[in-house]
Structures are given as structure tokens and as C-alpha cells.
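Student: Kindly generate the corresponding structure for this input.
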Amino acid sequence: MTATTLNDLAANLRGLAGSGKPVVLNDTVVGASTAAAPATAFALPPAQRLTTTGVTPAGISGPTAGVLTVRAGTASLLKTTGVPITLAFTVTGGVLRTTVTATTPDHGKFTDSPPGLTMFPFDVLTVSGAHFVY
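Tutor: Numbering: from 1, shown residues only. Below you'll find the model as predicted:
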């Protein structure tokens, strides 16, 4: 990870947001292993990293009580564009931890979004207020 503390990470993210750049969870922001895991969890193509657009400096709070939070951004994942994303960063035992919460829009069947969920019971569930958390 480029930043050595949550305060450094907060400054880095606020700088990106202030210049209108997306927040990309790549190895220059959070480190290679931290960047790869959410990309895999949200079924992004192999070389792509989770990219959150529309983040403003005001949407970045903390760190408070050991948590740095990024709100008000959106991403394209799980075959859906404009998915609201919340990022939360903590440090445990000297290791950066990232929690990503994606709020999917209400639509048709559960199988319309996450790839690979075409078996029972997912093929008969309707989606309402679903959250995917990594």
C-alpha cells in the first residue's frame, strides 16, 4: 500500500476525489493483494480493479475510531452500472482491511445480476434492497 496510515490513505483518496478522479482500488492505493480480492469477489475481469466514480472529498469521512469511510460513489459490477458503493478501511495488526458494500438496484430476478446464480432458489427470488458485502 502506498499510504502508511489511514490518515495517509484519507489524504490520498481526498486528493483523487478533489481532482475529479475515480477511486480505483489498485496497488498504488491499497496494495496488490488488497486490490485483487474485491475485484474477484465482484466478478470483474482479471486485470480490472474496483473503480468508484463520483466520489467527492465530502464523501470521505474519518478516520474516526479507526475507520476511514468513502461514500457517495458508484461502480459497474455484477453486470450492473451505477451501483452505489461504500468503502470502509481499517488497519488490524498492521494490515489494511477493506470492506466494500454494493447496493444493487431493485430489479426483476436475482439471476439478472450476479453471474452464476442460475440454480434454485436464486432463479425464483426477486431482488429488493440487496447488498453485496466484501
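
Student: can you pull out the strands in the chain?
Tutor: For the chain, the strands defined by DSSP state E cover 23-24, 51-52, 60-64, 67-77, 80-92, 95-103, 131-133.

Student: Can you give the distance of the last one from its chain's centre?
Tutor: The one in question is strand 131-133. 10 Å (Cα atoms, centre = their mean, to the nearest Å).

Student: same deal with the third one?
Tutor: Centroid separation for strand 60-64 versus its chain: 16 Å, with Cα atoms, centre = their mean.

Student: who are the neighbours of that strand, in terms of helices and strands?
Tutor: helix 6-18, strand 67-77 (3 or more Cβ pairs under 8 Å, 6 or more residues apart in numbering; DSSP states H and E). C-beta coordinates here come from the backbone N, C-alpha and C atoms, glycine included.

Student: Single out the most deeply packed of the ones you listed.
Tutor: Stretch with highest mean neighbour count among those: strand 67-77 (a mean of 20; mean count of other Cβ atoms under 10 Å).

Student: and the angle for it with helix 6-18?
Tutor: Counting by axes from the mean of the first three to the mean of the last three Cα atoms, to 10 degrees, strand 67-77 lies at 40 degrees to helix 6-18.

Student: For strand 67-77, list the C-alpha coordinates in CSV.
Tutor: Taking C-alpha atoms only, strand 67-77 is exported to CSV below (Å, rounded to 0.1, in the frame of the first residue of the first chain):
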residue,chain,number,x,y,z
VAL,A,67,-12.4,3.6,10.3
LEU,A,68,-12.0,5.5,7.1
THR,A,69,-15.2,5.6,5.1
VAL,A,70,-15.8,6.5,1.5
ARG,A,71,-19.5,7.1,0.5
ALA,A,72,-21.4,8.6,-2.4
GLY,A,73,-19.6,6.8,-5.2
THR,A,74,-20.8,4.3,-7.8
ALA,A,75,-19.3,1.4,-9.7
SER,A,76,-20.0,-1.0,-12.5
LEU,A,77,-20.1,-4.6,-11.2
